[in-house]
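J.: what follows is a predicted structure for the sequence shown.
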Amino acid sequence: MFRKVLIANRGEIALRVCRTLRAMEIPSVTVYSDADRAAPHAEAGDESVRLGPASPADSYLNATALLEAARSTGADAIHPGYGFLSQSAPFARACRDAGVVFIGPSPESMERLGDKVSSRRSAARCGVPVVPGVEGIENAAGARAEADRIGYPVLLKAAGGGGGRGMRRVDSAGDLDAAFESARREAAAAFGDDRLFVEKLVEPARHVEIQILGDGKDAIALGERECSLQRRYQKVIEESPSPAVDAKRRAAMEEAAVHLAQDAAYAGAGTVEFLLGPDGAFYFLEVNTRLQVEHPVTEMRFGLDLVRAQVEIAAGGGLPHPGRPEGFAIEARLNAEDPYHGFVPQTGRILLLSWGTGPGVRVDAGIAEGQTIHAHYDSLLAKVIAHGATREEARTRLIAALRHTALLGLVTNQGFLLDLLEDEAFRTGRTFTRTIESRRWPGPEAPPDEAVLAASIALSAPPRSAGPGERDDADRWSPWRLLGSWGRA
Amino acid sequence: MSRAVALRWNGLPVEARISRKGDHAVLETGERRVEAVIAREGAWIDLAIGGRTLRAATARDARGIWVALEGRLYRFETLHRHAGERVDADDSGEVLAPMTGRVAAVEARAGATVREGDLLLTIEAMKMEFKVSAPASGVVRDVACAPGDRVELGQLLARIAPAAPVAGGDREGP
């Protein structure tokens, strides 16, 4: 087993990995950027190392600084989390060259499966159905020719990564040029790789993915997660099992995923994403060669720690033997964004934080009271996950947990998560990738009387306030402050 | 013995009156009356209304009073001397940054005519691109940022001279 593991990430996933390492009695090292000096993960490891300035390129994407941190602390393995360098084959290779174990698949498997272009080829070779489309589009004219051939609407996607960055839906030829340039710019900025590909849009589609674990020879599948509720191609609510997948389809999808993993000699945790069409046909989308944000829904059903499985596989310990999955699990992502105004990212200082709890509820958070949420990194603050014997039990437990959660000081999507969980579409399991964006989510028209009452009472004698010295710098331009309303009672 | 609540929500005054006596509070709006027994515990306020108790969390900062109630978040601004005035950048033609981030692309050119909703520029924040569009139709007076610039929430990005209202009988009708 490893002597010490460095966690090359931040936020909730850094804390999540830390918890497992602690349970395995492996010393941990966490890293932080200057912007994250006061973030909980900076203190979470047995040791912590500063990487550099706030910009991701100088900190969490800085391979040199990360490897130096591993060297100076004597860490012999690196857990990359998700995002950042988790799907970077060059980084995995640099780790290997430095004599540090990268807890994840080999750079070769990553190159084969992590790249959208070559993974489509692998899928086709393994007999896994793929969405009609073409890879390696060089310019807008090429994209237009291909879109004309397969028919609109089409999807432009970055070859180098996921998470909706560098991805654009295009409904007609007139929108293609602008979408192409914008997607290419976003792809280049996010992944340092501006290759795009064009594919036919399957509609209405569900997003269903299979969790896999491989040990370099063999691979197992751990059921599916349905992640259809997305905004801007980023998942908001995930659940397992999927209301739309029966035993027969599950077996077919698991078989396809395992086949792909074995073909790539995959070692570690990964996810094979599929689109499920309205006719029940499924199409290979991509492989995420890392731990997913939504891995807890699988963990809660299988009673399995996926991070422990990753660490054990990386240390040569082989695959776990999970039992049968039980019950239903649903995860909601709490984001620093304004869901009722175009999901614009929000910043601010967390004035108060209190999590709802209850049977079957798990909170994976990366935040603490007093912390300032910056715009440097992604907007995920925490995940609230609920498990139940039935889907309805899991759903109501998650709703109760969110209702009893209070996070004050910046706008979040908490109310929107409740809107979704309480919505007829989710209640009845009829969720599609366009469910969120095809509808209007206006938010409350007016605050409820009880909220006005509470605010008035709080105003009459403020129980908690940020003193002038503690003011968040991000508020410098707040219109309310410019108007001089600060501190008035 | 009631007083108007000194709160605004989404830039507009909250139309309600409150009266308090001991741990009793009554909120009255034009149509509704809510009576509650109040218990405070630090940042938490329990509101016993009829047969049930609601627990609200509250906190204050430069942006106002934040209330979490039943899992939903409300931010109230405290009323100031310009009560009733709506905070709106549109009238001035100023386009302010909706978030802190980096300018990814600028479509707007000084002197160009734009229609309401036209794309002016794109800001990248939290690894996503966000479009900033013209709040009103008119002519772009100036553009105060360039691709690659880091901009702060509320920073001036561009100014638009609003087009004169359409003259003639279109609006008045017969």
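T.: Done, it's in. Residues are numbered from 1 along each chain as shown, chains lettered A, B, ... in the order given.
J.: where does the stretch 301-450 of chain A have low pLDDT?
T.: By pLDDT under 70, the stretch 301-450 of chain A contains no weakly predicted segment.
J.: got it, and chain B?
T.: Residues of chain B that meet the cut-off, pLDDT under 70, sit at B:1, B:80-92, B:164-174.
J.: secondary structure class for whichever residue of chain B sits closest to chain A?
T.: For chain B and chain A, the shortest gap (CB to the nearest CB) falls at residue B:154, measuring 2.8 Å. C-beta coordinates here come from the backbone N, C-alpha and C atoms, glycine included. Look at residue B:154: counting by DSSP: H, G, I helix; E, B strand; the rest coil, its state is coil.
J.: would you mark the buried spots in stretch A:13-21?
T.: A:13-18, A:20-21 (16 or more other CB atoms under 10 Å in any protein chain shown).
J.: wait, which of these is closest to chain B?
T.: residue A:13 (15.1 Å).
J.: in contact with the closest one, which residues?
T.: A:81-83, A:291, A:293, A:364, A:366 (CB atoms under 8 Å, 6 or more residues apart in numbering or on different chains).
J.: in strands, which of the residues you listed fall?
T.: Using DSSP state E, the subset of the contacts of residue A:13 located in strands is residue A:364.
J.: give me the subset of the contacts of residue A:13 touching chain B.
T.: Restricting the contacts of residue A:13 to those touching chain B (CB under 8 Å from any CB of the partner chain) yields no residues.
J.: okay, the buried residues of stretch A:13-21 in a markdown table with secondary structure next?
T.: What follows is the buried residues of stretch A:13-21, written out as a markdown table (three-state DSSP):
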| residue | secondary structure |
| --- | --- |
| A:13 | helix |
| A:14 | helix |
| A:15 | helix |
| A:16 | helix |
| A:17 | helix |
| A:18 | helix |
| A:20 | helix |
| A:21 | helix |
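J.: how about a markdown table for those residues, with pLDDT added?
T.: Formatted as a markdown table, these follow (pLDDT from 0 to 100):
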| residue | pLDDT |
| --- | --- |
| A:13 | 98 |
| A:14 | 98 |
| A:15 | 97 |
| A:16 | 98 |
| A:17 | 98 |
| A:18 | 97 |
| A:20 | 98 |
| A:21 | 98 |
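J.: what stretches of the stretch 51-200 of chain A score poorly on pLDDT?
T.: A:162-163.
J.: try it again at 80.
T.: Applying pLDDT under 80 to the stretch 51-200 of chain A flags residues A:116-117, A:135-136, A:160-165.
J.: near chain B, which residues of it are found?
T.: A:163-165, A:182, A:185-186, A:189-190.
J.: which among the residues you listed count as buried?
T.: Buried among those by 16+ other CB under 10 Å: A:163-165, A:182, A:185-186, A:189-190.
J.: among these, name the ones in helices.
T.: With helices defined by DSSP state H, the entries of these inside them are A:182, A:185-186, A:189-190.
J.: possible to save the residues of the stretch 51-200 of chain A next to chain B as JSON lines with distance to residue A:255?
T.: Shown next, in JSON lines, are these (distance: CB to CB, whole Å):
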{"residue": "A:163", "distance to residue A:255": "27"}
{"residue": "A:164", "distance to residue A:255": "28"}
{"residue": "A:165", "distance to residue A:255": "31"}
{"residue": "A:182", "distance to residue A:255": "38"}
{"residue": "A:185", "distance to residue A:255": "39"}
{"residue": "A:186", "distance to residue A:255": "35"}
{"residue": "A:189", "distance to residue A:255": "37"}
{"residue": "A:190", "distance to residue A:255": "32"}
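J.: out of those, which is nearest to residue A:302?
T.: Residue A:302 lies nearest to residue A:163 out of those, by CB to CB, at 24.7 Å.
J.: quick one, what contacts residue 128?
T.: No chain in the question, so chain A it is. A:256, A:259-260, A:284 are the contacts of residue A:128 under CB under 8 Å, 6+ apart.
J.: sorry, I should have been clearer: chain B.
T.: Residue B:128 neighbours (CB under 8 Å, 6+ apart): A:164-165, A:232, A:345.
J.: so what does the residue nearest the centre of chain A look like in phi/psi?
T.: Central residue of chain A (CA atoms, centre = their mean): residue A:293, 3.8 Å from the mean position. With angles defined as degrees, to the nearest 10, residue A:293 sits at phi -50, psi -40.
J.: show me the contacts for the closest residue to it other than its chain neighbours.
T.: By the measure of CB to CB, 6 or more residues apart in numbering or on different chains, the closest residue to residue A:293 outside its immediate chain neighbours is residue A:82, 5.8 Å from it. If a contact means CB under 8 Å, 6+ apart, then residue A:82 has A:9, A:13, A:288, A:290-293 as its contacts.
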